[in-house]
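Colleague: sequence? don't have it. structure:
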């Protein structure tokens, strides 16, 4: 019997969108593609849907790759954020694009405390203040 995944159709769609955004921000192209397909699917999605199995398999594959990384390259304790990611996030913040909320998740484990503060501002929907801080950080990086 095809059991639906936990949560309402809306919460499933939001989860697929968040997964797509995070995967895209991390450059995980295949997971981004699968998540986009899931987001556009009819919800609720059954656990037996091959798309869900493909997503699970890809997440497992990526987890194995990350776990196989040498300790010094590990992203477990901190994440280095590129200026390209910040530029993309800044554009979304300037346009009051609510998907900035999802994209900002990568900042919560940033090695830079100011980026963690940007994450906290975005979580409170203080997009203008977050944008100003990102602009300051990008300017500081370029000087």
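Modeller: In hand now; what should we look at? Quantities reported herein were computed from a predicted structural model and do not represent experimental measurements. Numbering: from 1, shown residues only.
Colleague: Please pull out the lowest mean pLDDT helix or strand from this structure.
Modeller: helix 99-103 (a mean of 85; mean pLDDT, DSSP states H and E).
Colleague: got a list of what the residue positioned nearest the centre of the chain touches?
Modeller: Centroid-nearest residue in the chain, with Cα atoms, centre = their mean: residue 22, separated by 1.8 Å. Residues near residue 22 by Cβ atoms under 8 Å, 6 or more residues apart in numbering: 102, 103, 105, 106. C-beta coordinates here come from the backbone N, C-alpha and C atoms, glycine included.
Colleague: Just the buried ones out of those residues, please.
Modeller: Neighbour-count burial (16 or more other Cβ atoms under 10 Å) applied to these gives 102, 103, 106.
Colleague: if we can go back for a sec, next one: the residue nearest to the centre of the chain from residue 117, what distance?
Modeller: Between residue 22 and residue 117 the distance is 20 Å, computed by Cβ to Cβ, to the nearest Å.
Colleague: give me the low-pLDDT residue ranges for this protein?
Modeller: 1-6, 70-80, 143 (pLDDT under 70).
Colleague: all helices for it, in order.
Modeller: 9-25, 29-40, 50-67, 83-94, 99-103, 113-123, 127-142 (DSSP state H).
Colleague: Could you check how far the residue lying closest to residue 88 once chain neighbours are set aside is from residue 142?
Modeller: Nearest residue to residue 88, sequence neighbours excluded (Cβ to Cβ, 6 or more residues apart in numbering): residue 103, at 7.3 Å. Separation of residue 103 from residue 142 (Cβ to Cβ): 22 Å.
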